[in-house]
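1. Using only what follows, build the 3D model:
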Amino acid sequence: MRLFSALLGLILGVLAGTALLLANPLTWFSGLAPLPDDIASPRAYSWEDFRGMDGGVADLLGLDLAAGSGPNKEHDNAQRAFRKPALAGVRTGIVVLPAGDGSPAALAVKVSTIDSANNLWRAQLGTDDYWNIFWPGEGSVFAAGYSNLWPLARDRFLPFGQQPEPGTDGAGPFALSAPEPTGGWTGVIGAAGRYAGYTGEIREWLSAPDTSPASGRLNRALALKVIPPPVVAR
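-> Below you'll find the predicted structure:
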């Protein structure tokens, strides 16, 4: 009887595990509703040369902040990770944002930190993002945003044996920007130069690169809307 019970338990466990893999309940969660994305034309950029945490699902859940992203994870981590424990959840890098129309590109410093409210069961895998963007000879804008990478994790990493949504190849684009879960304010916080006094909004997306979709590398896009202060009659 004990052997029969053990075999029955094993079979039921295998069946339950297989069912969970084929119909992962985590993929049913929709997560935070993305913010409206029609604020401005997005500018694509790449963020491969960064320092700090890799930004994967395990990192965002605080499970594997020491891991790199490439085939040689230990080497990647040694080159990229911040050694101070207080900076384990930080990622920073320099980004070039194309301006178009013959205008000079903007140079930006982006810093991302793991959001304290992250929770797989709440479909929140977020980072708090801080941008300092400089336009040569014009001025600069400092903006803060919140990115929820749950749509990326749900569609690319959690499904097992499932097909992407109709009309897509599972590569996005994924709208990252969402309301900050704890009610923190996002948008343009400060500005200098010709943009002094401006306010505005910020949005981010993820998508597979057009040049080499099979590489697995994901490109990002940023849209920033800045609004000048109202004209005051003298």
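2. what residues does stretch 128-145 touch?
-> Stretch 128-145 is contacted from outside by 97, 99, 104, 106-115, 146-147, 177, 180, 184-196, 198, 200, 202-204, 222, 224, 226, using CB atoms under 8 Å, 6 or more residues apart in numbering. Heads up, the C-betas are built off the backbone N, CA and C, glycines and all.
3. was I right about residue 113 contacting residue 127?
-> Yes: counting by CB atoms under 8 Å, residue 113 does reach residue 127; the two are 6.4 Å apart.
4. more crowded one of the two?
-> residue 127 (25 against 17; other CB atoms under 10 Å).
5. what lines up beside the host helix or strand of the more buried one in the sheet?
-> Per DSSP states H and E, residue 127 falls inside strand 126-135. Applying DSSP bridges, strand 126-135 is found paired with strand 106-114 (antiparallel), strand 139-148 (antiparallel).
6. what about it, average pLDDT?
-> Mean pLDDT, strand 126-135: 94.
7. Offset the numbering so it begins at 3, please.
-> Will do, 3 is the new start, and the previous item becomes strand 128-137.
8. circling back to that earlier point, joint contacts of residue 115 and residue 129?
-> Joint contacts of residue 115 and residue 129 (CB under 8 Å, 6+ apart) are residue 93.
9. one step back: and the contacts of stretch 130-147, which are buried?
-> 99, 108, 110, 112-117, 148-149, 179, 182, 188, 190-191, 193, 197, 200, 202, 204-206, 224, 226, 228 (16 or more other CB atoms under 10 Å).
10. all helices in this structure, in order from the N-terminus.
-> 4-24, 59-62, 75-82, 152-154 (DSSP state H).
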